[in-house]
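Student: based on what follows, work out the 3D shape:
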Amino acid sequence: MSNTTHQADKLRSALSASLFVAAYGGAQNVGKRTQQKVLDPYEDFREIDATKEAAELIISVHTALLKALPPQEIEQILKDRDARLSSVLSP
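Tutor: A predicted model of the protein is given here:
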């Protein structure tokens, strides 16, 4: 396995675990193994460390993805968002 593949797998695992932490409202609501995937290779940590790193990783990945999107794709995402929100919320 190449180093690039290994790094991508490591990021994928940490990001998946981070999304799980976020979806369940923090590391205190998930298992220790999920927390360890967020903080790999570190093993000595607190739940708050896993919660904070999960948020930081999600933000970092989303920032990088947004930078890579073409402007028309961003425009379409915002149009779709506006349509969803306007169908359920009043301004």
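Student: name the nearest residue to the residue nearest the centre of the chain, ignoring sequence neighbours.
Tutor: In the chain, the residue lying closest to the centroid (Cα atoms, centre = their mean) is I58, at 2.8 Å. If the residues on either side of it in the chain are set aside, I58 comes closest to S18, at 5.3 Å by Cβ to Cβ, 6 or more residues apart in numbering. The way it works is simple: take the backbone N, C-alpha and C, and place the C-beta from them, glycine included.
Student: just checking, that neighbour touches I59?
Tutor: No: using Cβ atoms under 8 Å, S18 is not in contact with I59, being 9.8 Å away.
Student: the more surrounded of these two?
Tutor: Neighbour tally, S18 and I59, criterion other Cβ atoms under 10 Å: the higher count belongs to S18, 26 against 11.
Student: that older thread, counting by contacts, list what the helix or strand containing the residue nearest to the centre of the chain packs against.
Tutor: Applying DSSP states H and E as the criterion places I58 in helix 47-68. Identification of packing neighbours for helix 47-68 by 3 or more Cβ pairs under 8 Å, 6 or more residues apart in numbering; DSSP states H and E yields helix 3-23, helix 32-39.
Student: using the three-state scheme, assign G25.
Tutor: On the three-state scheme (DSSP: H, G, I helix; E, B strand; the rest coil), G25 is labelled coil.
Student: that one: neighbouring residues, count only.
Tutor: Other residues near G25 number 10, with proximity taken as other Cβ under 10 Å.
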